[in-house]
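Visitor: What follows is a predicted structure for the sequence shown.
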Amino acid sequence: MPHDIPESHPRRISLLTRDKLISGFDNKLVATAGLIAHGRGEAFDYLLGEVTTKPAQESIEAAAALLLSAENAVVSVNGNVAALTPKQVVTLAGLTSAAVEVNLFYRSLKREHAIREVLMAAGAEQVLGVGKAASASIPNLESERGKVDPRGIEKADVVLVALEDGDRTEHLVKLGKKVIAIDLNPFSRTAQYAQISIVDNLVRAMPALIKKAQEFLVKKFSQQDLEKKVKAYNNKKTLGKSIALINQRLTDLARKGVFL
Ligand code: ATP
């Protein structure tokens, strides 16, 4: 049951986000491990200052361009994503003509259905990857973790994942997919393997991605313009900038001792 959090509470957004995840857990959307993963994310968000940083904004711009220029993009949805940003998933997929696919590390038919319901309630017309629809598999990943929908991730050229497992990201990349990852931890295997790693909180990154995609559409960017943006982006460099930013923040804070 969400508790009352005063408007003035300095950690209001973070606490509201927790409440959404806890409700998602109670409603069987979120896996137990999803709560732990969120805690790890929160720790990195603290280090980043709980804002969309400049390097994250660079990644968001490249990601919006890649999604718009893709032939078959897929937004992959797990329990945490469904609990935190269902409407944004649907909006982003609509803007970029991407498919929406339920893709779980811990698959369970109950959770797949619960996620589909939430996405449908948020306006999704079709949700791939539920039950028998996930009939294809990512080679060399044992059965449950490797299941994907042949209409979605199997044939996709671009896949957006959030809070993803590094092993699966590595396999998607090996299959020739371009992976965009939203992951607060710049050191995670996912962030390291993905071609575009958005080191930001999902709850900030999704609205920012939508805004960028809308901007490119309004400006009528051509396929060539979009591809140019993607080409100009360097994930290693941008990840390095996120790490340097954490380093700089910690150095500054260490010098001051207190920061409240
Ligand atoms: P990997 O397997 O990629 O090395 P991991 O073992 O940490 O990473 P998981 O626990 O499966 O992988 O994934 C959770 C990842 O998602 C963590 O890196 C965590 O920092 C990140 N994360 C958690 N909550 C959020 C959030 N709200 N927004 C963005 N990233 C998040």
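Guide: Alright, I've got the coordinates. Note that the structure is predicted; figures quoted are calculated from it, not measured. Residues are numbered from 1 along each chain as shown.

Visitor: Contacts only, for the nearest residue to R189 once chain neighbours are set aside.
Guide: Nearest-residue entry for R189: G166, 2.4 Å, with adjacent residues in sequence omitted and distances by Cβ to Cβ, 6 or more residues apart in numbering. The C-beta positions use only the backbone N, C-alpha and C, and glycine is treated the same way. By Cβ atoms under 8 Å, 6 or more residues apart in numbering, G166 lies in contact with 188-190, 192-193.

Visitor: same question, N185
Guide: Residues in contact with N185 (Cβ under 8 Å, 6+ apart) are 40-41, 44, 191, 199.

Visitor: Which PyMOL command selects the buried ones in the residues you listed?
Guide: Selecting only the buried entries of these in PyMOL, with 16 or more other Cβ atoms under 10 Å as the criterion:
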select buried, resi 41+44+191+199
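
Visitor: Against which helices or strands is the helix or strand L68 falls within packed?
Guide: For L68, the enclosing helix or strand under DSSP states H and E is helix 54-69. Judged by 3 or more Cβ pairs under 8 Å, 6 or more residues apart in numbering; DSSP states H and E, the packing partners of helix 54-69 are helix 86-96, strand 158-162, strand 178-182, strand 196-198, helix 202-218, helix 223-232, helix 235-256.

Visitor: can you list the residues that contact that helix?
Guide: Applying Cβ under 8 Å, 6+ apart, the set of residues contacting helix 54-69 is 52, 73, 92, 95-96, 98, 158, 160, 178, 180, 195-200, 205, 208-209, 212-213, 215-217, 221, 223, 225-227, 229-230, 232-233, 235, 238-239, 241-242, 245.

Visitor: same thing but 6 Å
Guide: The contact list for helix 54-69 (Cβ atoms under 6 Å, 6 or more residues apart in numbering) reads 73, 96, 158, 180, 196, 198-200, 208-209, 212-213, 216, 223, 226-227, 229-230, 233, 238, 241-242.

Visitor: Please compute how far the following helix or strand past it lies from its chain's middle.
Guide: Following helix 54-69 in sequence order, the next helix or strand is strand 73-77 (DSSP H and E). The chain centroid and the centroid of strand 73-77 are separated by 9 Å, computed with Cα atoms, centre = their mean, to the nearest Å.

Visitor: Thanks a lot, catch you later.
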